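Attaching a predicted model along with its sequence, questions to come.
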Amino acid sequence: MHSREEVIIGNQAIARGLVEAGLEIAAAYPGTPSSEILPGVVYFRNMEGLKIHTEWSTNELCAFEVAFGAAAYGGARAACFMKQVGLNVAFPALLRSRERSIEGGLVIVSCDDPGPQSSQTEQDTRLIAALFGIPVFDPSSPSEAADVAYHALNWSFENKVPVIIRSTHRVSHARESVPLYDPGARKAAFREGHVAGRGRKLGIVASGMSSSLVYDVIEELGASEEVSLYKVLKVYPVDEALGRFVDSMERVLVLEETDQVIEALIGDVNKVMGRRDGTVPSAGEITYDIVRDILSRVLAGAGSGKGPFVPDGAIEEALSRVAVVPRPPKLCAGCPHRASFFAMQYLWPDAIYPGDIGCYTLGISQGAVDTCLDMGAGVTLAEGFYDAFDQDGKLVPILASIGDSTFLHACMAPLYDAVKNRKRFILVIMDNSTTAMTGMQPTPQTGVTVDGVRTRSVAIEDIVKGLGVNYLRIIDPYDVPAMIRTIGEAFDRLKEEPLPAVIIARRECLLLVKGAAKDAAYPVEIERDCIGCKSCLKTLDCLAMSFDEAAKKIRIDDSLCTNCGICYYACPVQPQGKALKAEKKADRPGAAAPGNR
């Protein structure tokens with residue numbers, strides 16, 4: 001029975017629907033915008049006193065195969081969760097899984113990122129599902145996501161095929177009052193088909209969050225007499241009613257995120273407007289303003305008498321009068337990665353810096369990240385760069401950076417390849433003891449489960465040694481002179497030995513230790529001696545630092561500063577900065593003591 005309601009985000013609503021449907025096994029790898037689903041399963045499992053196995057897997061392929069094994073061969077009701085690019089990692093197993101009947105039920109939740117907001121690409125999971133014949137649902141709100149999750153797991157169990165739920169960040173992170181039912185008691189009610197308007201000149205077909213926006217815009221424009229809205233919930237296989245709706249309209253406008261999926265399934269190029277003919281932008285998130293602008297233009301072109309959409313500029317005008325310093329994404333103040341990147345750039349400003357996916361991608365602002373392809377590519381791109389220069393007889397500094405979770409996710413095989421094939425580059429593993437960018441989930445090396453239980457941890461350094469790396473050093477990146485000295489020593493080792501050199505820069509994420517550097521060295525009073533050269537701003541790009549144009553000095557925001565002291569090494573007038581400069585000039589980088597530590 002429906003006993004209560006709770007205000008929750010869409011990801012938690014998905015978790016709730018699955019729990020109510022009898023979920024038994026759940027596995028995931030964290031990735032925005034999907035990260036909250038597995039903790040949601042744990043929360044509702046504990047609330048209801050149920051027995052559900054949950055686990056953070058080392059990567060998305062592991063998560064998928066755990067769930068598939070439980071469902072296909074064990075007869076369990078299982079689910080796995082990941083972001084849209086994580087589905088690429090699980091892709092080989094996903095394609096094979098669709099070819100066999102499963103004994104239980106399997107739901108794959110893949111959260112897309114139109115825009116994108118926090119991903120390399122804005123790929124559309126619905127397209128993959130439709131191309132390979134996998135049923136896929138596209139919910140438009142948190143409450144609908146709960147119903148879809150409940151229905152999808154039951155439908156999969158009854159029909160013995162995997163089912164995909166495609167959420168987007170707007171659905172995953174929207175907050176709504178969602179009814180909670182006793183397990184097995186939810187009555188999923190879907191709002192699908194012709195849901196608004198009475199017009200026959202223009203039919204709009206939309207799915208997901210786009211359908212919610214279209215519904216609101218039709219009401220606000222007073223266009224219900226000119227327009228009809230058909231909402232698609234199950235994108236594949238498409239309902240026959242959609243074809244009848246399209247046939248009944250003079251023109252059809254398709255609004256969907258992000259690829260031409262429903263548009264391609266309809267297929268009538270003469271009648272249908274959308275991304276293909278340029279009526280809808282070819283890429284990017286479909287926002288309220290975009291929907292209203294498109295609908296206004298289409299109606300105006302059809303002679304409806306409704307003028308073009310003119311957005312209210314009052315808010316933008318008011319904001320334009322507020323002095324807000326533009327701030328691109330930056331590492332947190334006091335982040336140990338910033339110290340690592342400073343040391344790398346200080347010693348080798350012209351080196352090649354293959355990067356990877358995570359917080360440390362933001363090292364691009366310090367000039368210490370040149371590439372960002374996918375998880376694990378920091379190592380393999382370094383291998384390729386080495387090969388290209390080695391053919392010309394050159395040994396150039398190549399400093400790759402990856403994170404601790406990324407190393408375990410995708411870098412062990414590439415590092416072994418580098419050892420086996422005698423590649424010479426420096427790999428800096430930035431170990432902050434958590435999966436920080438996606439929400440502070442525990443990494444495999446901690447041995448902590450999603451339930452908070454401590455099991456068996458694994459040491460990254462043991463794996464690195466086991467893969468055949470001889471030069472391995474573990475450094476606290478806050479010790480900038482030691483970090484610089486070790487990087488220089490590692491490069492010297494490359495000249496002697498045809499193997500990669502590995503440095504583990506180990507210090508806990510400040511968010512993990514609640515914002516306080518455990519052994520921060522000194523209070524930051526760097527403002528007093530500032531000469532206005534902006535060297536610290538250019539090399540550190542620290543969130544707590546800004547330049548006062550009137551005073552021509554650096555200003556420190558005490559509310560953000562963690563007193564890490566790294567800026568002292570970047571300042572040419574401080575003793576620590578002077579010492580680094582002198583040692584570099586004497587060709588003994590990093591020989592200076594770490595100041596007042």
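It's in. No experiment lies behind these values; they were computed from the predicted model shown.

Break down the stretch 401-550 of the chain into its helices, ranges please.
Secondary structure of the stretch 401-550 of the chain (DSSP state H, counting those that start in this stretch): helices at 404-406, 412-420, 460-466, 480-496, 535-540.

buried sites along the fourth one?
Neighbour-count burial for helix 480-496, counted by 16 or more other Cβ atoms under 10 Å, picks out 480-488, 490-491, 493-494. In this view, the C-beta of every residue, glycine as well, is placed from N, C-alpha and C.

can you list the residues you listed in TSV and add distance to residue 327 and pLDDT?
Listed next are those as TSV, based on distance: Cβ to Cβ, whole Å; pLDDT from 0 to 100:
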residue	distance to residue 327	pLDDT
480	25	95
481	30	95
482	31	96
483	26	96
484	28	96
485	33	95
486	32	97
487	29	96
488	33	95
490	34	97
491	34	96
493	39	96
494	37	97
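
Include distance to residue 369 when you put the helices of the stretch 401-550 of the chain into CSV, please.
Formatted as CSV, those follow (distance: least, Cβ to Cβ, whole Å):
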stretch, distance to residue 369
helix 404-406, 13
helix 412-420, 17
helix 460-466, 20
helix 480-496, 15
helix 535-540, 14
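
Tell me, please, the helix or strand in the chain that averages the lowest pLDDT.
Comparing helices and strands within the chain by mean pLDDT, DSSP states H and E singles out helix 314-320 as the least confident, with a mean of 80.

chain center to that helix: distance?
Average the C-alpha atoms of helix 314-320, do the same for its chain, and the two points are 30 Å apart (Cα atoms, centre = their mean, to the nearest Å).

which is the next helix or strand following it?
Scanning forward in sequence from helix 314-320, with DSSP states H and E defining helices and strands, the next element found is helix 336-347.

so after that next one, what's the next helix or strand?
Using DSSP H and E, the helix or strand that follows helix 336-347 towards the C-terminus is helix 377-390.

Now do that next one and helix 412-420, the angle between them.
Interaxial angle, helix 377-390 versus helix 412-420 (axes from the mean of the first three to the mean of the last three Cα atoms, to 10 degrees): 20 degrees.

Buried residues in stretch 278-289, which are they?
Neighbour counts over stretch 278-289 (16+ other Cβ under 10 Å) mark 279-280, 285-286 as buried.

out of the residues you listed, who's nearest residue 513?
Within the buried residues of stretch 278-289, the smallest distance to residue 513 is 35.0 Å, found for residue 285 (Cβ to Cβ).

From residue 167, how far out is the nearest residue to the closest one once chain neighbours are set aside?
Here the nearest residue to residue 285 in space, its sequence neighbours aside, is residue 114; by Cβ to Cβ, 6 or more residues apart in numbering that works out to 4.0 Å. Taken as Cβ to Cβ, to the nearest Å, the spacing of residue 114 relative to residue 167 amounts to 11 Å.

Looking at those two, which is more packed in?
More crowded of residue 114 and residue 167, by other Cβ atoms under 10 Å: residue 167, with 34 against 24.

Wasn't residue 243 part of a strand?
No: looking at residue 243 with DSSP: H, G, I helix; E, B strand; the rest coil, it is helix, so not inside a strand.

give me every residue that touches it.
In this structure, residue 243 makes contact with residue 266, judged by Cβ atoms under 8 Å, 6 or more residues apart in numbering.

The residue nearest to residue 285 and residue 169 touch, don't they?
Yes: if you go by Cβ atoms under 8 Å, residue 114 and residue 169 touch, sitting 7.2 Å apart.

Nearest residue to the middle of this protein?
For the chain, the residue whose C-alpha lies nearest the mean C-alpha position (Cα atoms, centre = their mean) is residue 32; its distance is 3.8 Å.

Could you tell me how far the closest residue to that one other than its chain neighbours is located from residue 31?
Distance criterion Cβ to Cβ, 6+ apart; nearest residue to residue 32, sequence neighbours excluded, is residue 118 at 4.4 Å. Between residue 118 and residue 31 the distance, using Cβ to Cβ, works out to 9 Å.

Those two: which is more packed in?
In this view residue 118 and residue 31 are compared by other Cβ under 10 Å, and residue 31 has more residues nearby, 28 against 14.

Could you confirm that one falls within a helix?
No: counting by three-state DSSP, residue 31 is not part of a helix but coil.

The nearest residue to residue 536 once chain neighbours are set aside - how many residues pack around it?
Counting by Cβ to Cβ, 6+ apart, the nearest residue to residue 536 once its immediate chain neighbours are dropped is residue 570, at 4.2 Å. Applying other Cβ under 10 Å, we find 24 other residues in the vicinity of residue 570.

which ones are touching residue 570?
Each residue near residue 570 by Cβ under 8 Å, 6+ apart is listed here: 342, 535-536, 539-540, 577.
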